[in-house]
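**Student:** here is my input, please return the structure:
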Amino acid sequence: CKVSDKFKSYEYFYEWCHNQIGFGNQGWHLDKDLLIKGNKVYNEDSCVFLPQEINKVLVKRENMRGEYLIGVHWHNASRAFKAQVSKSTGKQEYLGSFNTEIEAFNAYKTAKESFIKEQAEKWKSQIDPRAYNALMNYTVEITD
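**Tutor:** Modelled structure (predicted):
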């Protein structure tokens, strides 16, 4: 990740932060890639403060995923693809067994997008409207 030149200025960053919804709230994090999916630069156009509960939902943990699509793993004993989704509690919710990896992924995609929208509604009155809109329009991609 990188930091924009403006954010490298303490005075600018300090002023910017103090004008953002959620800044200073305990347990809130500065997020760089909700507004612009895949963004790698911290800057004033892409960053918002989010409660940890939302930020956790958006973490992909690619290093733990394995060889299958996000939300999918192969279960040898049942000879089926299983789908599960992580919710903000950190627990995995089992979504079912499927004949194909793409069917399992589609179950994961539906569940994850639905949960993200639930979080958006839950926090709507407290988060930046840009974050709310991004959450309501969030799509899980097969390449995630």
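**Student:** which other residues reach the helix or strand bottoming out on mean pLDDT in the chain?
**Tutor:** One helix or strand of the chain scores below all others by mean pLDDT, DSSP states H and E: helix 52-58, with a mean of 89. By CB atoms under 8 Å, 6 or more residues apart in numbering, the residues outside helix 52-58 that reach it are 27-29, 31, 33-34, 86-88, 90, 115-116, 119-120, 123, 127, 131, 135. For glycine as for every other residue, the C-beta is placed from the backbone atoms N, C-alpha and C.
**Student:** could you pull out the strands for the protein?
**Tutor:** 2-3, 28-31, 41-42, 48-51, 72-75, 80-86, 92-98 (DSSP state E).
**Student:** can you put those strands in TSV and add distance to residue 144, mean pLDDT and mean neighbour count?
**Tutor:** Below are the strands of the chain laid out as TSV (distance: least, CB to CB, whole Å; pLDDT from 0 to 100; neighbours: other CB atoms under 10 Å):
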stretch	distance to residue 144	mean pLDDT	mean neighbour count
strand 2-3	22	96	12
strand 28-31	16	96	18
strand 41-42	20	96	17
strand 48-51	18	97	23
strand 72-75	11	94	16
strand 80-86	12	94	20
strand 92-98	16	93	14
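**Student:** Throw the ones you listed into JSON lines and include distance to residue 18, thanks.
**Tutor:** Converted to JSON lines, the strands of the chain look like this (distance: least, CB to CB, whole Å):
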{"stretch": "strand 2-3", "distance to residue 18": "18"}
{"stretch": "strand 28-31", "distance to residue 18": "13"}
{"stretch": "strand 41-42", "distance to residue 18": "16"}
{"stretch": "strand 48-51", "distance to residue 18": "11"}
{"stretch": "strand 72-75", "distance to residue 18": "43"}
{"stretch": "strand 80-86", "distance to residue 18": "33"}
{"stretch": "strand 92-98", "distance to residue 18": "38"}
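**Student:** I appreciate the help and will end here.
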